[in-house]
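K.L.:
Below is the sequence, then the predicted model.
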Amino acid sequence: LDTTELYARFRDEQSAVRHTRAKELESARSRRDGALADAKRAADLKRASIKLMVAPGVAKKVLYASTRKTFIEQVSATRAEHLKAVENINVTRKARQWADWLQAKAKEGNQDALKALRARAGVGGLQGDAVAAKGRPQPSHADKPEQDHITKEGTVIYRAGASAIRDDGSKLQISRGTTFDGIETALRMAVVRYGEQITVTGSAQFKELVAQTAALRKLPIKFADPAMEQRRQTLQKAIEKERGNVRTDRGRAAG
């Protein structure tokens, strides 16, 4: 994947962030130095006034001590405020690493950034229970479940009720312990993306759940695995027969 243009944008943005950070730090230092100078000037004026006062020496000592205490408190508060401002600048104006920048842009909806995340060296696809197809995924603007997160590997995590669906661009993985609703949502996403013929990988238990879901919900799909497709058809016929028997029994009961 050619990321030349993306990387140029990344460098420009990080350069701008570092420049802004330097200016804001300089401004924070200037505010701190100004506040310290003001506090010192005020303390000096108070001491000068005390010196000119006609009062017992003990009284003057008390006033000098009070002035010093106020000055120390102002200096301490100014420095604490400055440290807090610096910390905030360092957090909000922090330069990002390449992967972090891509992740942030992908969350904003930048599809090129998402592809770049998935194309990085060392990024592997999802393993285990998943649905996919042999063909290349087709772009779609159909409704999707609510997007919950995007990982640094470029895996998009959707929230479908109590279930989570992970999408690495080539396959969809459903969270363990998911319901028929979660599997149905993933299968419908797969149909939109890959077409009606679906490939299922993973455990025998997962494949059985997928076949049951496809039959129960009468989904317009076919499985690439002949055994799974046969199981789906058998289940669907059995379910339709049972539904027919239920309708007949209800009709007799009504009669």
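P.N.:
Looks like it arrived, so ask away. Numbers count the residues shown, from 1 in each chain.
K.L.:
contacts and neighbour counts: CA atoms only from here.
P.N.:
Noted.
K.L.:
Show me the contact partners of stretch 61-75.
P.N.:
With contacts defined as CA atoms under 8 Å, 6 or more residues apart in numbering, stretch 61-75 is touched by 36, 39-40, 43, 46-47, 50.
K.L.:
List buried members of these by neighbour count.
P.N.:
36, 39-40, 43, 47, 50 (16 or more other CA atoms under 10 Å).
K.L.:
mind putting the residues you listed in JSON lines, pLDDT included?
P.N.:
Below are the buried ones among the contacts of stretch 61-75 laid out as JSON lines (pLDDT from 0 to 100):
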{"residue": "36", "pLDDT": "96"}
{"residue": "39", "pLDDT": "96"}
{"residue": "40", "pLDDT": "96"}
{"residue": "43", "pLDDT": "95"}
{"residue": "47", "pLDDT": "93"}
{"residue": "50", "pLDDT": "90"}
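K.L.:
Strands along this protein, start to end?
P.N.:
130-132, 146-150, 156-160, 163-167, 171-174, 197-201, 222-223 (DSSP state E).
K.L.:
circling back to that earlier point, so which of the contacts of stretch 61-75 would you say is closest to residue 220?
P.N.:
Nearest to residue 220 among those is residue 36, at 73.8 Å by CA to CA.
K.L.:
List the contacts of the closest one.
P.N.:
Contact analysis of residue 36 by CA under 8 Å, 6+ apart lists 74-75, 78.
K.L.:
CSV for the contacts of stretch 61-75, including distance to residue 69?
P.N.:
Output for these, formatted as CSV (distance: CA to CA, whole Å):
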residue, distance to residue 69
36, 14
39, 12
40, 12
43, 10
46, 12
47, 12
50, 15
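K.L.:
Of all pairs in the buried ones among the contacts of stretch 61-75, which one is the farthest apart?
P.N.:
Farthest pair in the buried ones among the contacts of stretch 61-75 (CA to CA) is 36 and 50. Separation: 21.1 Å.
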